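Peer 1: fold the following, please.
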Amino acid sequence: MSTEFQSDQSFNEPETPPVAADTSDSAASALGEETSRQVKQVWEKISALLGDLPEYVSEFFKRYRRPIVTVGLIIAAIIAVKLVLALLGAVNDVPLLAPTFELIGLIYSGWFLYRYLLKASNRQELLEDIAAIRDQVLGKS
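Peer 2: Got it, this is the predicted structure:
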């Protein structure tokens, strides 16, 4: 009876040809070799790019120096304004400091009006001082 059972089992199981196993092994090894070749090619391209990176960066900076500096100055100005506003917000939170600064500003504005804007001769002196400062900053025109 055991022989009949064994013969039934062999009859129900499909036979796989030995050639198919060899082709799957060779296909897997070919696929592995192709993958490793592709990885090596990608690695060579990446290493070549990283090797030339300082050259690319310096050429980019030479070509676009003015726009880069302009964008950098704009970003620095935005950061500076945010910091000043945060500092003023912190100063305004101190109880008696804000009214004291307002009083100092009003006193200075009153002195400036009295010193430079009431008389024509003082206004002329102010315009001469402004022209002298402008010439120092911008150069003689």
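Peer 1: pretty sure Asn92 sits against Ala98.
Peer 2: Yes. Between Asn92 and Ala98 there is a contact at 4.7 Å, judged by Cβ atoms under 8 Å. Just so you know, the C-beta spots here come from the backbone N, C-alpha and C atoms, and that holds for glycine as well.
Peer 1: give the next helix or strand downstream of the least confident helix or strand in the chain by mean pLDDT.
Peer 2: Across the helices and strands of the chain, mean pLDDT, DSSP states H and E gives its lowest value to helix 2-12, namely a mean of 50. Going down the chain from helix 2-12, the next helix or strand is helix 18-51, by DSSP states H and E.
Peer 1: the helix or strand that comes right after that next one versus helix 18-51: what angle between them?
Peer 2: The first helix or strand that comes after helix 18-51 along the chain, using DSSP H and E, is helix 53-63. Here the directions of helix 53-63 and helix 18-51 differ by 50 degrees (axes from the mean of the first three to the mean of the last three Cα atoms, to 10 degrees).
Peer 1: mind listing what's buried in helix 53-63?
Peer 2: Judged by neighbour count (16 or more other Cβ atoms under 10 Å), helix 53-63 contains no buried residues.
Peer 1: what helices and strands are in contact with the very next helix or strand once past that helix?
Peer 2: Scanning forward in sequence from helix 53-63 by DSSP H and E, the next helix or strand is helix 65-93. Here helix 65-93 touches helix 97-112, going by 3 or more Cβ pairs under 8 Å, 6 or more residues apart in numbering; DSSP states H and E.
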